[in-house]
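Peer 1: Show me the folded form of this:
(one chain, ligands or ions: 2)
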Amino acid sequence: MLTVALPKGSLLTDSIRLLQSVGLDFSAFLDSSNRQLQILDPTGTARALLVRTHDVPVYVEYGQAQLGVAGYDVLREKQPRVAQVLDLGFGKCRLSVAVKESSPYRRSLDLPAHGRVASKFVHCAREYFQRLDLPVEIVPLSGSVELGPITGMSEAIVDLVSTGRTLKENGLIEMEVLFESSARLIAHPISYRLNTDGICDRIAAIREMTTTAV
Ligand SMILES: Nc1ncnc2c1ncn2[C@@H]1O[C@H](COP(=O)(O)OP(=O)(O)OP(=O)(O)O)[C@@H](O)[C@H]1O
Ligand SMILES: O=P(O)(O)OC[C@H]1O[C@H](OP(=O)(O)OP(=O)(O)O)[C@H](O)[C@@H]1O
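Peer 2: Ligands and ions are numbered 1, 2, ... in the order given. Got it, this is the predicted structure:
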C-alpha cells in the first residue's frame, strides 16, 4: 500500500490540501482532537504517517514511506538518500545569517574568528562558514534560535526567515542568504525507479496540480 510521510507543523495543511486535490484524503490529521499517528485514506488505498518534519526523509530513506513532504532546508541539512521529485511551491523561506541590529557586523566575514553562531542547521552553517574560511563555533539549538544573540550566547544565527517578522520583533537583521527553500515531494529511490504501488502515477497527478496551481 502507498504510504506517505507527512510533516507535523507549518507544512501540514498545504501538504494535506495538495494530496486531497489528487484524491488522497488525510484531512483527519488536521483535526486537533486526533491523536493517531497513522491513518488510512477513506478509500483504503493509501496510508499516511504523521512525523516530525526532520524525520520525514528518514521514513522515506528507510522505505517505510514511498513518498514524503519535506522542506528543501531539511534535505540540505540531512542529505538523505531520497529522490527529490517535485518542488511543491509552498513553505517558501530562506536560510540566512542574522545578527543583532546593534552589532557592528554587517557581513559574515566581519564576524570575529572563533565567534559563535547558533543554529538548528548545524551542517549547513558549518559548511557555509568553512567555505568562507572563517573559523566559528556552531552552537546547536533546537528552536527559538533568535535568543542566541539576544542572550549573548552567540554573535550570529543561521536560521529560516520567511516574512522577516521574527527577526524584526527580536531586534535582529538578516545579513546573508545561504539558500532559498520550499517544500519538496521526496520519494524512496527504488520505489520510484520500480514504480512500486503506482507511485509514478501519483507523482504525475501531483505534478499536474502543482503546475496548474501556480
Ligand atoms: N516561517 C516560515 N515560513 C514558511 N516556511 C517555513 C517557515 N518556517 C519553516 N518553514 C518550512 O517549514 C518546514 C517545517 O517547519 P516547522 O516550523 O513546522 O517545523 P520545525 O520547527 O522545523 O520542526 P519541529 O517542530 O519538528 O522541530 C521547515 O523545514 C521549512 O521548510
Ligand atoms: O520570518 P518569519 O515569517 O517570522 O519566520 C521565521 C521563523 O519561523 C521559523 O520558526 P518556527 O516557527 O519553526 O519556530 P522555531 O524556530 O522555534 O523552530 C524560523 O525558525 C523563524 O523563527
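Peer 1: List of residues touching the lowest-mean-pLDDT helix or strand in the chain?
Peer 2: Ranking every helix and strand in the chain by mean pLDDT, DSSP states H and E puts helix 199-213 at the bottom, with a mean of 88. With contacts defined as Cβ atoms under 8 Å, 6 or more residues apart in numbering, helix 199-213 is touched by 2, 18-19, 21-24, 66-67, 85-89, 185, 187, 191-192. Every residue, glycine included, has its C-beta placed from N, CA and C.
Peer 1: Can you say which of these are buried?
Peer 2: 2, 18-19, 22, 24, 66-67, 85-86, 88, 185, 187, 191-192 (16 or more other Cβ atoms under 10 Å).
Peer 1: between those residues, which is nearest L134?
Peer 2: When the buried ones among the contacts of helix 199-213 are ranked by distance to L134 (Cβ to Cβ), L88 comes first, at 34.0 Å.
Peer 1: Phi, psi for the residue nearest to that closest one when sequence neighbours are not counted please.
Peer 2: Nearest residue to L88, sequence neighbours excluded (Cβ to Cβ, 6 or more residues apart in numbering): A183, at 4.3 Å. The phi and psi torsions at A183 (degrees, to the nearest 10) take the values phi -70, psi 140.
Peer 1: Then T3?
Peer 2: Taking degrees, to the nearest 10, you get phi -120, psi 130 for the backbone angles of T3.
Peer 1: Helices of this protein, start to end?
Peer 2: Under the criterion DSSP state H, the chain contains helices at 12-21, 56-61, 72-78, 122-131, 147-151, 165-169, 189-194, 199-213.
Peer 1: Packing partners of the second one?
Peer 2: Based on contacts counted as 3 or more Cβ pairs under 8 Å, 6 or more residues apart in numbering; DSSP states H and E, the elements that helix 56-61 packs against are strand 2-7, strand 46-51, strand 67-71, helix 72-78, strand 183-187.
Peer 1: Give me the contact list for that helix.
Peer 2: Outside helix 56-61, the residues that touch it by Cβ under 8 Å, 6+ apart are 5-7, 49, 51, 65-70, 74-75, 78, 80-82, 186-188.
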